[in-house]
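S.K.: I'll drop the sequence and a predicted model, then ask my questions.
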Amino acid sequence: MKRILVTGGAGFIGSHLCEKLIREGNKVTCLDNFLTGRKENIHHLIENKHFEMVEHDVMHPYFFIDPVDEIYHLACPASPIHYQRDPIKTMKISVLGSYNVLGIAKKHGAKILLASTSEIYGDPLVHPQPEQYWGNVNTIGPRSCYDEGKRCAETLFMDYHRQENVRIKIVRIFNTYGPGMLPDDGRVISNFILQALQHQDITIYGDGSQTRSFQYIDDLIEGLLKMMHTDERFTGPVNIGNPREFTIKELAERIVVLSGSSSKLVYKPLPVDDPKQRQPDITLAHEMLDWKPKISLDEGLTRMIGFFRGKLQHNPIEAKVDISC
Ligand code: NAD
Ligand code: UDP
């Protein structure tokens, strides 16, 4: 039985990962300070004797006594509203958090995977984005704390690999959605579904021609596990995302149809540095991981609509529309 540490394990992606790892017969330690994660995400795991919860901030060192075999490093706020709320902290979490967790990997000889992001490509000038593309990131804009924080985390991972022989894996995650997302974290799929189900105006930022490629959480989790189990010489980075690209306006229209909503589309200012296009080139993931996403946008959205419908049964929930940045 492997002992696996998941930082950020109480968050959206982390809680799905903890659940899957336990189902596969591992002992899982979730390390989280609940900055954006929720106890309810891991509530169903707490009684499991193979699950352990450590409340701790990755910005500070943590010393494990028992051996650790693998680490998935996810701890970091991920939605633009959350990571821009305290940008200095976001940068510290990315950099100091990675530094501390790499220290645990080094001490225990553990394999460690970084949840990096498509944001490291910034507002990309190459389309779709292959891993060899170095990106187009504004170093001084409101998104930089996250984009540059993750770029620095990738650098630290590679330097620990080259200098200290730490076994690393870097995954660049593209927009992911699914049950367990905070309904009010301002991300586009949660906002649009909440608005559609409550027949409120759907808030499109800009003219809605910017594109994103959305993957369902189950596809991502499969990709993360496959990456962890690749040959040790393969460090990545590797893109994990669904290459099917949609404009934000198309997304809004699809959600209106699938939820049977009477909502109207309304247009709000585009946030600063909002990337115009984003689509993963997943050739490398296909070759090295034998991975491809399986869940279509319609199927994933239908599941998400069901999830949010359940949440709205008792109380209305306001979508978080934040165009202040
Ligand atoms: P999330 O906000 O739901 O989860 C992040 C988790 O990290 C939360 O449980 C939070 O409490 C925890 N955390 C934050 N700061 C911490 C700290 N200082 N110490 C300990 N725990 C801390 O976000 P998510 O969508 O699940 O994202 C998880 C990871 O995946 C993040 O690293 C994010 O950058 C990356 N990612 C996500 C997406 C996406 O579309 N969801 C895309 C690209 C990359
Ligand atoms: N967006 C939108 N309306 C909303 C929330 C987001 O039009 O209510 C847009 C946002 O400007 C961006 C896209 O949807 O172009 C994806 O935003 P999200 O915050 O989900 O992810 P990211 O920008 O990090 O890809």
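M.R.: Received it, and whenever you're ready, just let me know what you need. Ligands and ions are numbered 1, 2, ... in the order given.

S.K.: check contacts around Glu19.
M.R.: The neighbourhood of Glu19, defined by C-beta atoms under 8 Å, 6 or more residues apart in numbering, consists of 44-45. Glycine gets a C-beta too; all of them are placed from N, C-alpha and C.

S.K.: Surely it is in a helix?
M.R.: Yes. With the criterion set as DSSP: H, G, I helix; E, B strand; the rest coil, the secondary structure at Glu19 is a helix.

S.K.: burial of Lys107, as a residue count?
M.R.: Here the number of neighbours of Lys107 (other C-beta atoms under 10 Å) works out to 13.

S.K.: ok, which stretches of this structure are helices?
M.R.: When assigned using DSSP state H, the helices of the chain occupy the ranges 12-23, 39-42, 80-85, 87-108, 144-164, 188-197, 217-228, 248-259, 283-289, 297-312.

S.K.: what packs against the fifth one?
M.R.: Other elements packing on helix 144-164 under the criterion 3 or more C-beta pairs under 8 Å, 6 or more residues apart in numbering; DSSP states H and E are helix 80-85, helix 87-108, strand 111-117, strand 168-173.

S.K.: Partner strands of the third one, with direction?
M.R.: If you go by DSSP bridges, strand 111-117 pairs up with strand 70-73 (parallel), strand 168-173 (parallel).

S.K.: Does the last one reach ligand 1?
M.R.: Pointing back at strand 168-173 there. Yes. With C-beta under 6 Å from any ligand atom as the measure, strand 168-173 is seen reaching ligand 1 through Ile173.

S.K.: Ok, stretch 120-129 next?
M.R.: No. Using C-beta under 6 Å from any ligand atom, stretch 120-129 stays clear of ligand 1, coming no nearer than 9.4 Å.

S.K.: Can you give me the buried ones in that stretch?
M.R.: For stretch 120-129, the neighbour count (16 or more other C-beta atoms under 10 Å) marks 120-124, 128-129 as buried.

S.K.: re earlier: right, and the helices of the chain - which one's nearest Asp322?
M.R.: For those, the distance to Asp322 is smallest for helix 80-85, at 5.1 Å, taking C-beta to C-beta.

S.K.: Name the residues of the closest one that come out as buried.
M.R.: 80-84.

S.K.: now, which of the residues you listed lie close to ligand 2?
M.R.: Pro80.

S.K.: just the buried residues of helix 80-85 now: which is nearest Val95?
M.R.: When the buried residues of helix 80-85 are compared for distance to Val95, the smallest value, 13.4 Å, is given by Tyr83; criterion: C-beta to C-beta.
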